[in-house]
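J.: coordinates only, no sequence provided:
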Ligand SMILES: [Zn+2]
């Protein structure tokens, strides 16, 4: 399995990830213009089997609806964050970015701890705090943290549904129990590891 990182061209500079297994792929947090992501998929020459979102914020789901249409694949997110889906159009207007449609949740992962999807199988770690429905996706030693945990930082908690104590608790209970060599692919900023964050992240409470 390989991970391809694509930094979005929007003002948010969000990290879109393509997880590739032979010629199959999942797209995680598609927060860029759809044509930028489809161009990348074309280059990789793979078949997309699903679109995953770590949470419902606009900068993580911007292209989800369009990509599900193009690839005829399901959209996977926790329904707990569905109120953010209803906000997507307004958010696009507010930030003056094009609106590409609102995705419908095809597979609700609120009560799931793992998912088998196409050629992929992965764990779902429920990590509320940045939003109520935030999750992290774990593929063996590879962790996608969305806006829960960043390199030497954590997600903001000043938006509706945000809670600093809850976020720090999620990180401590769900993420720091993973091995130090777990590679972290966050929703913003650069890659890191659990070991690096355990030692150097000033926001982590042990
Ligand atoms: Zn967010």
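T.: Alright, I've got the coordinates. Keep in mind that this is a model prediction, so the values were computed, not measured. Residues are numbered from 1 along each chain as shown.
J.: write out the residues of the protein neighbouring the ion.
T.: 57, 147 (CB under 5 Å from the ion). From N, CA and C alone the C-beta is placed, and that goes for glycine too.
J.: for residue 56, give its distance to residue 21.
T.: 26 Å (CB to CB, to the nearest Å).
J.: got the residue ranges for the helices in this structure?
T.: 34-44, 58-61, 64-71, 82-94, 164-170, 194-200 (DSSP state H).
J.: for the shortest one, name the packing helices and strands.
T.: Read it as helix 58-61. helix 82-94 (3 or more CB pairs under 8 Å, 6 or more residues apart in numbering; DSSP states H and E).
J.: ok, now the first one?
T.: In this structure, helix 34-44 makes packing contacts with strand 2-7, strand 15-21, strand 24-28, helix 64-71, judged by 3+ CB pairs under 8 Å, 6+ apart.
J.: the shortest one: partners in the sheet, and parallel or antiparallel?
T.: Looking back up the chat, that one is strand 24-28. strand 15-21 (antiparallel), strand 47-52 (parallel) (DSSP bridges).
J.: take those strands and lay them out in TSV including mean neighbour count and mean pLDDT.
T.: Listed next are those as TSV, based on neighbours: other CB atoms under 10 Å; pLDDT from 0 to 100:
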stretch	mean neighbour count	mean pLDDT
strand 15-21	21	97
strand 47-52	22	98
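J.: winner for burial among the helices and strands packed on helix 34-44?
T.: Mean neighbours per residue, mean count of other CB atoms under 10 Å, is largest over the helices and strands packed on helix 34-44 for strand 24-28, with a mean of 24.
J.: now do it: everything it contacts.
T.: 16-19, 37, 41, 44, 46-54, 67, 117-120, 137, 144, 185 (CB atoms under 8 Å, 6 or more residues apart in numbering).
J.: nearest the middle, which residue of this structure would you pick?
T.: Nearest residue to the geometric centre of the chain (CA atoms, centre = their mean): residue 54, 3.4 Å.
J.: for residue 180, see how far away the nearest residue to residue 36 once chain neighbours are set aside is.
T.: Using CB to CB, 6 or more residues apart in numbering and skipping residues adjacent in sequence, the residue nearest residue 36 is residue 9, 5.9 Å away. Separation of residue 9 from residue 180 (CB to CB) stands at 34 Å.
J.: and residue 106, how many neighbours?
T.: 13 (other CB atoms under 10 Å).
J.: let me see the contact set for it.
T.: Here residue 106 is in contact with 68, 74-76 (CB under 8 Å, 6+ apart).
J.: of those, which belong to strands?
T.: Those of the contacts of residue 106 mapping onto strands are 75-76, per DSSP state E.
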